[in-house]
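> how does the following fold in three dimensions:
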Amino acid sequence: MATRKVTLKLLINKKTKKVLFAEAGKDFVDFLFTLLSFPLGTVIKLLSKNKMVGCLGNLYESIEELSDTFFQPNLGKATVLNPKLPSRPSGSTLLLSDGGENDGTGATRKFYVCENNGYHRNVTDNPLAICSQCNCRMRTQVSFITAPSAAGNDQEGGFVKGVITYMVMDNLEVKPMSTISSITMLNKFNIQEVGALEEKVIELGVDEVAHLSVFWTEGLDLLKASLQSQTVLTSVFLGA
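Have a look, this model is predicted:
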């Protein structure tokens, strides 16, 4: 397991002890964008039931305790508790490991076709499914093959371009970074002197397992704070 670092540069108002904005690269912004693609069940699972605001944690726990006999025959509690993660751009940094076609629990998704050779055009990820053409069980496993990228090996992957530096506000608004945008932000916060500002460089640890990228503690803290606060960067990195 290799470990690499994602650097985040914070600009802090020393008087108010709050983050004005962060200077961030592609990896961090890709991670923030990934948060919006998480199913709610996955969010609750990652944060744990006790850390959820409101009653969603109670709902999650009640489903855990509910017997599978109450669910539809082709479903189960795992469908709700461990929802499948949506597809994402290759190379984007995730909070939890995702081996390509993943079921949200770390296991690789499997695909099946009808056991009747004449109806292999129908595909499912549930071996209990019934073919709509011949009513046979769809339990013949097939391989999922990812098409090569049209852009070749030079494609960056992820959501945003890597040649640009991004400005991430304390409330997680994302904007392209420029001298003009920086000055505009300083004026917005009524910063008159450069001496009132402090820079702080944060290194986020990212563990890589094969081709997977996984944010650990900081990623979970950011996810939790984003659901509870309008000053996420200040809460997570300054403890305020």
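> care to break this structure down by domain?
1-38+162-240, 40-83 (automatic domain parsing).
> and the strands in the protein, which stretches?
2-13, 18-24, 111-113, 123-124, 140-142, 166-169, 174-176, 197-209, 212-215 (DSSP state E).
> which of these sits closest to Ile63?
Ile63 lies closest, by Cβ to Cβ, to one member of those: strand 123-124, at 23.7 Å. Placement of C-beta: from N, CA and C, glycine included.
> so which of the strands of the chain is the most surrounded?
Most buried of the strands of the chain by mean neighbour count (mean count of other Cβ atoms under 10 Å) is strand 18-24; its value is a mean of 22.
> remind me what that one packs against, helices and strands.
strand 2-13, strand 166-169, helix 179-188, helix 232-237 (3 or more Cβ pairs under 8 Å, 6 or more residues apart in numbering; DSSP states H and E).
> select the helix or strand of the chain having the lowest average pLDDT value.
In the chain, no helix or strand scores lower on mean pLDDT, DSSP states H and E than strand 212-215, which sits at a mean of 49.
> what about the nearest residue to Leu172 once chain neighbours are set aside, distance to Ser178?
Spatially, and ignoring its direct neighbours in sequence, Leu172 is nearest to Val232 (5.4 Å; Cβ to Cβ, 6 or more residues apart in numbering). To Ser178, Val232 is 22 Å away according to Cβ to Cβ, to the nearest Å.
> and these two? Which one has more around it.
Val232 (24 against 12; other Cβ atoms under 10 Å).
> could you dump the strands of the chain to CSV with distance to Leu59?
Output for the strands of the chain, formatted as CSV (distance: least, Cβ to Cβ, whole Å):
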stretch, distance to Leu59
strand 2-13, 34
strand 18-24, 33
strand 111-113, 31
strand 123-124, 28
strand 140-142, 34
strand 166-169, 32
strand 174-176, 31
strand 197-209, 31
strand 212-215, 26
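> mean pLDDT lowest for which of those?
Ranked by mean pLDDT, the strands of the chain end with strand 212-215 at the bottom, a mean of 49.
> bridged to the closest residue to Val201 other than its chain neighbours, which residues?
Nearest residue to Val201, sequence neighbours excluded (Cβ to Cβ, 6+ apart): Lys9, at 5.4 Å. Lys9 has the following beta-bridge partners by DSSP bridges: Glu23, Val201.
> you'd agree Lys9 is up against Leu204?
No. With contacts counted by Cβ atoms under 8 Å, Lys9 stays clear of Leu204, the gap being 11.8 Å.
> so what's Phe21 up against?
10-11, 167-170, 185, 233 (Cβ atoms under 8 Å, 6 or more residues apart in numbering).
> now swap in Lys9 and tell me
Neighbours of Lys9 in contact, by Cβ under 8 Å, 6+ apart: 22-24, 199-202.
> out of the residues you listed, which is nearest to Asn74?
Within the contacts of Lys9, the smallest distance to Asn74 is 43.1 Å, found for Ala24 (Cβ to Cβ).
> the closest one contacts Leu8, doesn't it?
Yes. Counting by Cβ under 8 Å, Ala24 does reach Leu8; the two are 5.5 Å apart.
> who touches both of those two?
The contact sets of Ala24 and Leu8 overlap at Val168 (Cβ under 8 Å, 6+ apart).
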